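**Q** any chance you could fold what I've pasted below:
(one chain, ligands or ions: 2)
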Amino acid sequence: MDIQLAQWSEKLVFGLPMIDSQHKQLYDLAGTFAGNGDQIRVMKTLVMLNNYVKDHFGAEEQMLEALKYPDLAAHKLLHAQFKDLLIKLLDDARQLSLDEIASKVQYLIYGWFSNHILQVDVAYVPWVRSHTPQTQD
Ligand SMILES: [Fe+2]
Ligand SMILES: [Fe+2]
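**A** Numbers count the residues shown, from 1 in each chain. Ligands and ions are numbered 1, 2, ... in the order given. Okay, here's the model as predicted:
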C-alpha cells in the first residue's frame, strides 16, 4: 500500500457523525506533538493517543458487528496491526527524541491512519448507510 501523508480535510468526512468526530479527534491530538518540548506531556499524550485509537477501533468494530458487515474480520486485523505499531512506539519512546516521536506520530496518523480512512473505512460507508434506517439523508 502506498502511504501518502494527509492532514485532516473534508475528504476524510463520511457524514457518519460518531465516526467522523472520532477520526478528527485523532488528528487534533496528533497535531499537538509538533514543537512540544515537554517529555512528560508527550508521553502522556502518547498514552492518550493509544487509548483514543483503541476506543475508536472498538466503537467502529462494534458498529460493523451489529450491522453484520461482511468484511469485518479483515478490517479488525488491520486495526490490530495499527494498535501494535502504536504500542511499539510507546515502548520505544523513552529512547527517542521528541522530534523523532513527533515524526513517528505524523507517519502513523497522517500516513497510516489517513490511508486507512480513505482506502479501508470508506468501503463500509455504503453498507452502514443501507443498513441503518436513520442515516438516510
Ligand atoms: Fe477502521
Ligand atoms: Fe475508523
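
**Q** buried sites along the longest helix along the chain?
**A** Taking DSSP state H as the criterion, the chain has its longest helix at helix 39-66. By neighbour count on 16 or more other Cβ atoms under 10 Å, the buried set for helix 39-66 is 42, 45, 46, 49, 52, 53, 56, 57, 60, 63, 64. The C-beta positions use only the backbone N, C-alpha and C, and glycine is treated the same way.

**Q** helices and strands around that helix, which ones?
**A** The contact analysis (3 or more Cβ pairs under 8 Å, 6 or more residues apart in numbering; DSSP states H and E) places helix 39-66 against helix 17-31, helix 72-92, helix 98-106.

**Q** only alpha carbons, please: show the helix or strand following the last one as CSV.
**A** Put plainly, it is helix 98-106. Using DSSP states H and E, the helix or strand that follows helix 98-106 in sequence is helix 114-119. The C-alpha trace of helix 114-119 is given here as CSV (Å, rounded to 0.1, in the frame of the first residue of the first chain):
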residue,chain,number,x,y,z
SER,A,114,-5.3,8.6,6.7
ASN,A,115,-4.8,5.8,4.2
HIS,A,116,-6.9,3.5,6.4
ILE,A,117,-9.8,6.0,6.4
LEU,A,118,-9.5,6.7,2.6
GLN,A,119,-9.0,3.1,1.5
